[in-house]
Each structure stands twice: as structure tokens, then as C-alpha cells.
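Colleague: Quick one: sequence and predicted model below, then my questions.
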Amino acid sequence: MDHAVQLQDLPVRVACCSTCYRTETDTGREPWGLYRVHQFTKVEMFGVTAAERGTESEELLDEFLGLQKEIFSELGLHYRVLDMPTEELGLPAYRKFDIEAWMPGRGKFGEVRGGLGPQKFGESPN
């Protein structure tokens, strides 16, 4: 807020923490406990790049994905990265990665990081 980003300052990388709320919760399919809860806290990474070469956004995405993979590896989590299909993308995203970790108590993988992907603003989706 109240800050103009100059071209020479790009790329800009920002991390923030926020409390989130969702209307839906667990559907009762889990044998015990709640997997999806109403309120949770998340850390998000944002980046703003220039488009001088046309590759800056993908390069920053690779950097962010690499950082998250490093964090999950250092935590000793067995995880997988999903390159989401286009029908899973909302506007203005054109690519998205989700990260799932093995959850022994559930006996399956569960999302631990969703929606990592570049977005294009100010352009027509056509």
C-alpha cells in the first residue's frame, strides 16, 4: 500500500501470513477428526516480475517451487508435486502446482500447499 514498485526493483518477492476462513468443512468421509476446517492460518509467497524477456514469471515460479520442495524435504515429509490440468485453473492463472504430503493417519496424500502458480494481469484471457 502506498508504494510504487520501480522496474529496476523487480523481481519483488513477498511472504505473508494470514488467517483464512472457508464455508465448507470436512464432509464426514474421514474416519475420525477433521481434515478441512473452518479457520486456518497460511503463509503465502507472492512475486512480481517484469516481462522484458518473457521468461521472468516462469523463473520466479521455479524459484518458489524449489524453496517449498526444500522446506518439505528438510521437514522429512514424503511429498509429491502435482502440475494441475488447465480445467483446475481459475482466471488469471495459466499454470498451477499443488503439493501433497503423505498423511499416515489418513492413509493417503493430502494437500499441504495449493495454488502455486504464475498469473498474468492486465491481459485478455483470449
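Modeller: The structure has been received and is ready for your questions. Numbering: from 1, shown residues only.
Colleague: Contacts for the helix or strand bottoming out on mean pLDDT in the chain next, please.
Modeller: Of all regular secondary-structure elements in the chain, judged by mean pLDDT, DSSP states H and E, the least confident is strand 108-116 with a mean of 83. Strand 108-116 is contacted by residues 35, 45, 61, 64-65, 68, 72, 77, 79-80, 93, 96-103 when judged by CB atoms under 8 Å, 6 or more residues apart in numbering. The way it works is simple: take the backbone N, C-alpha and C, and place the C-beta from them, glycine included.
Colleague: Can you turn the buried part of those into a PyMOL selection?
Modeller: One line in PyMOL is enough to select the buried members of the contacts of strand 108-116, burial here meaning 16 or more other CB atoms under 10 Å:
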select buried, resi 45+61+64+65+68+72+79+93+96+97+98+99+100
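Colleague: Mind checking which of the contacts of strand 108-116 land in helices?
Modeller: Within the contacts of strand 108-116, membership in helices is found for 61, 64-65, 68, 72, as judged by DSSP state H.
Colleague: Mind picking the two most distant members of those?
Modeller: In the ones in helices among the contacts of strand 108-116, two members sit farther apart than any others by CB to CB. They are L61 and F72, at 16.6 Å.
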